[in-house]
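Asker: show me how the following folds:
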Amino acid sequence: MLSITTILLAHFVEREDNLKRIIDDLMEGTVKPEKIIVFVDNLAIKFKDERVITIYSDTPCLPIIRFALGTSCDTDYCFFIDDDLTVQKKTLENLVFYALRLPQRILGFEGSMLGTTETPYSNDTPIQRGYHEQPVPVDVIIRTYFVPTSSLMAGLLLRSMYPELPKESLDDVFLCLGNKYINHKENYVIPVSEETNLTELPDGGVGQERNGEHYKNRNIVCRFLMNKYL
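Answerer: Residues are numbered from 1 along each chain as shown. Okay, the predicted model is just below:
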């Protein structure tokens with residue numbers, strides 16, 4: 001059995017109430033994480049839970065901090081889930097099933113096949129969460145990531161190689177394209193069933209995608225990296 005660390009980023013106070021629900025659901029799964037880490041970078045959030053490791057920062061961080069934190073973990077995989085989603089009883093079991101068949105790949109439940117235009121993210125082919133017959137290769141996975149711990153460094157390396165590129169709203173882009181271009185490995189959206197799907201939680205009316213620079217930055221970085229590596 002693969003060992004797993006789950007890492008949650010708690011930034012939006014509007015989503016604080018989701019944290020306990022996510023942890024409860026993770027702990028009730030047929031496959032449980034070895035440990036859960038919650039990184040809080042908004043001190044207005046008063047979250048405490050004895051079942052998890054909680055790290056507090058008095059300085060707001062970009063979401064890529066969770067991938068950097070994952071590199072320090074000693075488990076086989078790190079599982080990252082946005083705080084407006086939660087798991088069902090067999091969600092992690094399903095991820096482990098496919099990880100054993102697709103080793104050293106990044107897996108998730110929805111993603112993007114980038115387009116060929118100058119704005120490849122805005123003109124992508126989205127792969128929605130659903131009942132696919134087989135895993136679907138994608139360029140970028142969004143919202144939930146099951147990542148070999150040994151693969152995390154590539155996204156951080158890719159980001160550091162091009163300091164002139166935008167950094168906001170790019171954590172998953174660097175993670176997944178780093179896996180493709182540095183690790184030379186694929187990213188897959190895997191099938192789900194009623195027992196393994198995710199459950200949407202309230203987003204509090206906040207999120208990265210509401211930033212006016214979100215799609216602009218993603219298009220710039222995806223186009224730059226595609227030109228560089230393809």
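
Asker: and the helices in the chain, which stretches?
Answerer: 16-27, 65-70, 91-101, 152-161, 171-181, 214-229 (DSSP state H).

Asker: quick one: the third one to helix 16-27, angle?
Answerer: If I follow you right, that is helix 91-101. 60 degrees (axes from the mean of the first three to the mean of the last three Cα atoms, to 10 degrees).

Asker: for helix 91-101, which helices and strands make contact with it?
Answerer: With contacts taken as 3 or more Cβ pairs under 8 Å, 6 or more residues apart in numbering; DSSP states H and E, helix 91-101 sits against strand 77-81, strand 106-108, strand 144-148. For every residue, glycine as well, the C-beta is placed using N, CA and C.

Asker: so of those strands, which one's packed in deepest?
Answerer: strand 106-108 (a mean of 27; mean count of other Cβ atoms under 10 Å).

Asker: now that strand: average pLDDT?
Answerer: Throughout strand 106-108, pLDDT has a mean value of 98.

Asker: got the contact list for it?
Answerer: Here strand 106-108 makes contact (Cβ atoms under 8 Å, 6 or more residues apart in numbering) with 95, 98-99, 135, 141-148, 151, 175-176, 179, 185-190.

Asker: remind me which residues of the protein are low pLDDT?
Answerer: The model of the chain has pLDDT under 70 over residues 207-212.

Asker: circling back: nearest to Thr117, of the helices and strands packed on helix 91-101?
Answerer: Proximity to Thr117 (Cβ to Cβ) singles out strand 106-108 among the helices and strands packed on helix 91-101, at 23.8 Å.

Asker: pull the distance from that closest one to the chain's centre.
Answerer: Once both centres are worked out by Cα atoms, centre = their mean, to the nearest Å, strand 106-108 turns out to sit 8 Å from its chain's centre.
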